[in-house]
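S.K.: would you be able to build a 3D model of this:
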Amino acid sequence: MRNCPRSFFLCGLAALLLTGTVLAERTRFWRQSNYDEFEKGTAKGVALRSDGKLVLAPRFAAFGDANAAYLWALKVNSKGRLYAAGGSNAKVLRFDEKGAASTVFESQEMAAQAIAFDAQDNLYVGTSPDGKVYKVTPDGKSAAFFEPKTKYIWDLALDSTGTLYVATGDKGEVFSVAKDGKGQIYYKSEETHTRTLAFDAKGNLLIGTDPNGLVLRVEKGQAGPERRAFVVYETARKEVTALLLDRNGSVYAAAIGEKPRTIPVPGQPQPQPPPPPQTAAQAAQQPITQFVPFPPTTGGSAVYVIAPDGAPDELWTSREELVYSLAMSPAGKLLLGTGNKGVVIQLEGNDVFSSLAKTASGQVTGLAQGPGGKIFVGTSNPGKVFTLGPGAEPEGTFESQAFDAKVFSEWGRLSWWGENGSTKGQVTFFVRTGNTSNPEKNWSTWSGPFSDAKGSSAAAPAARYAQWKAVFKAGPGESPMISWVNLAYLPKNVAPTVESIVVQNPGVRVLGFPGGGQPPQQQPVQLRMPASPNNPAGQTQPSQRFDPPPQGFVQRGYRAVLWSAKDENDDDLYYTVYYRAEGETAWKVLKDRVEQKFFSWDTNTMPDGAYYLKILASDADANPPGEGLTAERESDRFEVDNTPPTIGAMQQTAGNPEVRVRFEAQDSYSTIARAEYSVDAGEWKLIFPTDRTTDAPRETYEIVLKDLTPGEHTLTVRVYDQFENSTADKLTVKLEPAKKR
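M.R.: Below you'll find the predicted structure:
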């Protein structure tokens with residue numbers, strides 16, 4: 001309904017008509033066509049695009065095992081050799097062409113957080129916490145190069161002159177270090193951490209910060225410790241984790257975490273905001289024994305582009321994925337290394353992105369361009385290295401989620417749509433079914449292959465669950481593509497269920513839903529609703545229909561019943577209401593073919609007594625003749641009493657100045673509920689029976705009238721039974737004047 005061009009009413013009407021069509025024919029269609037649905041499947045060599053298309057992914061393969069918990073940074077030297085920094089303990093590994101790793105640096109600090117190469121392929125390593133910058137020469141000699149005397153070293157960058165810049169925390173300082181290892185504070189920010197560094201097209205230093213998520217620019221050529229920075233962009237996130245410059249001079253920034261928000265109140269002291277969730281930078285401030293490299297972070301992440309003229313734009317955002325690294329593909333598309341699902345994402349443009357590869361690790365923390373168009377991918381939890389590209393996978397598979405039809409079903413035609421010509425390769429499908437939620441346990445074998453996109457019989461055994469698999473094979477042109485997949489199924493008809501019945505109190509009539517058919521100038525009555533267990537909708541099944549609760553109103557002599565019922569096939573149901581008197585065995589029809597889940601009737605047509613109702617639900621209208629099923633349920637016992645009680649002769653006992661009036665009240669079926677009297681049309685006053693308890697069909701009452709003036713007075717008595725039937729009688733009371741002595 002997202003793209004409905006008319007009003008909400010017309011959209012709803014269209015949906016209602018569509019639903020009615022579906023319910024008239026019980027064949028269902030399990031359709032998958034968008035990112036959220038496909039994301040629940042398993043892709044191997046297949047990329048999932050955010051516009052709901054499946055295509056072959058770039059080649060993705062394991063390259064090397066770092067034998068470390070974390071890899072923080074990847075860099076390639078001038079000879080195309082890959083280096084990876086990680087921990088713990090801090091170490092840097094070099095990988096040969098076949099992915100074999102050798103250690104080129106190791107220290108006692110917890111992690112090697114950042115690495116960089118100069119023009120001579122000297123390797124610089126920044127360690128944390130309380131670490132140093134080390135220099136490793138091409139022949140493998142290492143030595144301490146610079147000690148910033150800060151808690152953390154987050155990033156390293158070299159400018160065109162060979163000056164090394166060191167981003168640190170927890171004082172938010174950036175150091176510049178000459179070739180001889182002499183360093184000084186280059187820029188001191190007001191932030192806690194300077195997290196990442198890059199140079200723009202003019203050689204100005206760019207700094208990403210935490211906790212305000214700033215991208216700062218320090219103009220080249222400024223001298224002295226009082227260098228000023230310009231805020232290029234303030235992101236909506238807390239911590240800038242990566243910066244990247246493209247060939248056109250645009251700057252890309254990744255940021256994660258949620259900023260605390262407070263609203264100032266003029267003239268009042270401002271409350272301190274609650275501590276925000278930890279980012280990676282903040283977690284690193286914990287003692288070493290409590291260091292958590294990837295703490296829980298709320299607020300998700302975002303990626304921004306800042307044009308050469310300074311104009312910013314948000315390219316991508318997610319509430320779940322956290323972006324830890326950025327790189328540019330050989331085709332000029334931005335790659336995102338994310339956690340905590342270990343996915344590599346590619347931004348395709350026009351607000352479309354693709355999930356290219358999912359690693360077995362928790363986070364993709366490093367991306368680096370390698371020789372021959374390949375991209376190196378470094379991960380954490382555990383620390384591994386993979387290659388992405390060049391070129392696409394020659395073959396890939398995609399297995400859908402296991403679909404739950406909710407009931408035992410026959411499986412029909414499988415159809416799909418995509419581009420699947422000879423120049424784009426081909427896609428073939430397979431289907432399997434089973435009666436457990438886990439498709440790997442005792443399901444049928446895969447039926448197929450099916451290659452006719454217009455539809456082929458799935459040829460799978462009848463069962464409750466189903467799953468499809470697509471096999472992609474590349475052709476000489478582009479990758480084959482799939483946009484949607486349909487699998488038809490016919491659920492076995494299951495009898496409906498009448499879950500509960502509630503007979504309402506006497507004198508209540510149910511007229512309909514709020515806003516329709518209400519009697520004028522009457523307040524609605526609170527109804528006792530039948531219990532109904534939650535029935536969550538299945539995956540892409542027709543949504544369960546919601547019946548708004550009806551409304552009841554007071555109307556003497558009427559009775560109402562409400563019930564709850566469901567049908568696993570979501571069939572339209574109609575109901576028959578039966579009744580029988582207590583002691584009888586034959587059920588009589590009170591009302592046939594009721595479509596709502598409520599009914600009211602006038603009980604004046606029924607003799608006083610005890611009764612039972614039976615509700616029968618049928619799905620016959622939604623099934624072929626002879627295939628409909630029914631279910632029924634009986635109500636609890638209830639009573640009907642429309643006859644008012646009677647009042648016996650009222651007897652006055654003469655007295656002066658006190659008068660006593662005695663009478664009996666009796667009901668033919670139920671017990672007396674209450675009695676009251678009025679003198680000379682005055683207010684009604686409650687009276688108790690002589691035995692004080694109102695609990696029998698016959699009660700005796702005595703009224704004592706005091707302080708009456710001499711003369712005639714009218715005493716009116718009114719009596720009610722349990723069903724609010726009432727009767728009244730009156731007596732003329734005479735009081736003689738007092739005699740004079």
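
S.K.: ok, which stretches of the stretch 451-600 of the chain are strands?
M.R.: Listed in chain order, the strands of the stretch 451-600 of the chain (DSSP state E, counting those that start in this stretch) span 456-457, 463-473, 481-491, 497-503, 508-512, 551-554, 558-566, 574-581, 588-594, 598-602.

S.K.: could you spell out the sheet neighbours of the fourth one, each with its direction?
M.R.: Paired strands of strand 497-503, with direction, are strand 558-566 (antiparallel) (DSSP bridges).

S.K.: mind checking how far the partner strand is from the chain centre?
M.R.: 33 Å (CA atoms, centre = their mean, to the nearest Å).

S.K.: returning to what we had before: and of the strands of the stretch 451-600 of the chain, who's closest to Asn340?
M.R.: Taking CB to CB, strand 463-473 is the member of these nearest to Asn340, at 26.4 Å. All C-beta atoms are positioned from the backbone trio N, CA, C, and that covers glycine.

S.K.: next, the angle strand 481-491 makes with the closest one.
M.R.: Strand 463-473 runs at 160 degrees relative to strand 481-491, counting by axes from the mean of the first three to the mean of the last three CA atoms, to 10 degrees.

S.K.: reformat the strands of the stretch 451-600 of the chain as CSV; add distance to Leu243.
M.R.: Shown next, in CSV, are the strands of the stretch 451-600 of the chain (distance: least, CB to CB, whole Å):
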stretch, distance to Leu243
strand 456-457, 51
strand 463-473, 35
strand 481-491, 34
strand 497-503, 60
strand 508-512, 64
strand 551-554, 62
strand 558-566, 56
strand 574-581, 66
strand 588-594, 68
strand 598-602, 65
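
S.K.: switch those over to CSV; also include mean neighbour count.
M.R.: Putting the strands of the stretch 451-600 of the chain into CSV (neighbours: other CB atoms under 10 Å) gives the following:
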stretch, mean neighbour count
strand 456-457, 16
strand 463-473, 22
strand 481-491, 20
strand 497-503, 18
strand 508-512, 20
strand 551-554, 20
strand 558-566, 22
strand 574-581, 18
strand 588-594, 13
strand 598-602, 19
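
S.K.: and Gln652, which of those is closest to it?
M.R.: strand 551-554 (36.5 Å).

S.K.: for that closest one, name the packing helices and strands.
M.R.: Strand 551-554 sits against strand 508-512, with contacts defined as 3 or more CB pairs under 8 Å, 6 or more residues apart in numbering; DSSP states H and E.

S.K.: partner strands of the strand it packs on and their direction?
M.R.: Strands flanking strand 508-512 in the sheet, each with its direction: strand 551-554 (antiparallel) (DSSP bridges).

S.K.: next one: the partner strand to chain centre, how far?
M.R.: 37 Å.

S.K.: cool, and stretch 387-405?
M.R.: The chain centroid and the centroid of stretch 387-405 are separated by 25 Å under CA atoms, centre = their mean.

S.K.: hey, what's the nearest residue to Arg28 once chain neighbours are set aside bridged with?
M.R.: Distances taken as CB to CB, 6 or more residues apart in numbering put Tyr489 closest to Arg28, at 5.5 Å, once the chain neighbours are dropped. Residues in a beta bridge with Tyr489, per DSSP bridges, are Arg28, Trp411.

S.K.: and Tyr489, how far from Phe408?
M.R.: According to CB to CB, to the nearest Å, Tyr489 and Phe408 sit 10 Å apart.

S.K.: can you check Glu97 too?
M.R.: 56 Å.

S.K.: please apply the same query to Leu573.
M.R.: For Leu573 relative to Phe408 (CB to CB), the value is 20 Å.

S.K.: neighbour count for these two, which is higher?
M.R.: Leu573 (22 against 14; other CB atoms under 10 Å).

S.K.: shouldn't the more buried one be in contact with Asp619?
M.R.: Yes: contact criterion CB atoms under 8 Å: Leu573 and Asp619 qualify, at 5.7 Å.

S.K.: please enumerate the shared neighbours of those two.
M.R.: Pro496, Asp567 (CB atoms under 8 Å, 6 or more residues apart in numbering).

S.K.: tell me how far the ends of stretch 500-509 are from each other?
M.R.: One end of stretch 500-509 sits 19 Å from the other (CA to CA, to the nearest Å).

S.K.: mean confidence for it?
M.R.: Average pLDDT, stretch 500-509: 94.

S.K.: not counting that stretch itself, show me its contacts.
M.R.: By CB under 8 Å, 6+ apart, the surrounding residues in contact with stretch 500-509 are 510, 525, 527-532, 552-564, 600, 603, 613, 615, 633-636, 638, 640-641, 723-724.

S.K.: what do you get for stretch 550-560?
M.R.: Applying CB under 8 Å, 6+ apart, the contact partners of stretch 550-560 are 503-504, 506-514, 518-519, 522-527, 562, 596, 598-604, 638, 640, 642, 724.

S.K.: how about stretch 309-316?
M.R.: Residues contacting stretch 309-316 (CB under 8 Å, 6+ apart): 232-233, 236, 252, 302-307, 334, 336, 345, 347, 353.

S.K.: now do the contacts for the closest residue to Val251 other than its chain neighbours.
M.R.: Spatial nearest neighbour of Val251, chain neighbours left out: Ile306 (4.4 Å); criterion: CB to CB, 6+ apart. Each residue near Ile306 by CB under 8 Å, 6+ apart is listed here: Val215, Val232, Tyr233, Ser250, Val251, Tyr252, Ala253, Pro312, Asp313.

S.K.: where does the fifth one land on pLDDT?
M.R.: Model confidence at Val251, expressed as pLDDT, equals 98.

S.K.: quick check: it touching Leu245?
M.R.: Yes: counting by CB under 8 Å, Val251 does reach Leu245; the two are 5.7 Å apart.

S.K.: neighbour count for these two, which is higher?
M.R.: A direct count of neighbours by other CB under 10 Å for Val251 and Leu245 places Val251 higher, at 25 against 16.

S.K.: paired strands for the helix or strand harbouring Tyr304, with orientation please.
M.R.: Here Tyr304 sits within strand 301-306, counting by DSSP states H and E. Partners of strand 301-306 in the sheet, by DSSP bridges, are strand 251-258 (antiparallel), strand 312-318 (antiparallel).

S.K.: deepest of these, which one?
M.R.: Mean neighbour count (mean count of other CB atoms under 10 Å) peaks for strand 251-258 among the strands paired with strand 301-306, with a mean of 26.

S.K.: tabulate the CA atom coordinates of that one in PDB.
M.R.: Backbone C-alpha positions of strand 251-258 (Å, rounded to 0.1, in the frame of the first residue of the first chain) are rendered in PDB as follows:
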ATOM      1  CA  VAL A 251      35.700  13.200   1.400                       C
ATOM      2  CA  TYR A 252      33.700  10.200   2.800                       C
ATOM      3  CA  ALA A 253      33.200   9.900   6.500                       C
ATOM      4  CA  ALA A 254      31.700   7.000   8.500                       C
ATOM      5  CA  ALA A 255      30.300   7.700  12.000                       C
ATOM      6  CA  ILE A 256      28.700   5.500  14.700                       C
ATOM      7  CA  GLY A 257      26.900   5.900  18.000                       C
ATOM      8  CA  GLU A 258      24.200   8.000  19.500                       C
END
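
S.K.: so what sits against both of Val251 and Leu245?
M.R.: Shared contacts of Val251 and Leu245 (CB under 8 Å, 6+ apart): Ala198, Asp200, Leu206.

S.K.: and which of those residues is nearest to Trp484?
M.R.: Closest to Trp484, out of all of these and judged by CB to CB, is Ala198, at 41.2 Å.

S.K.: what's the burial count for the closest one?
M.R.: 21.

S.K.: can you list the residue ranges for helices in the stretch 1-150 of the chain?
M.R.: Under the criterion DSSP state H, counting those that start in this stretch, the stretch 1-150 of the chain contains helices at 8-24, 35-38.

S.K.: contacting residues for Gly299?
M.R.: Arg237, Lys238, Ile256, Gly257, Glu258, Lys259, Pro277.

S.K.: reformat those residues as JSON lines; add pLDDT.
M.R.: Output for those, formatted as JSON lines (pLDDT from 0 to 100):
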{"residue": "Arg237", "pLDDT": "95"}
{"residue": "Lys238", "pLDDT": "95"}
{"residue": "Ile256", "pLDDT": "96"}
{"residue": "Gly257", "pLDDT": "94"}
{"residue": "Glu258", "pLDDT": "91"}
{"residue": "Lys259", "pLDDT": "87"}
{"residue": "Pro277", "pLDDT": "40"}
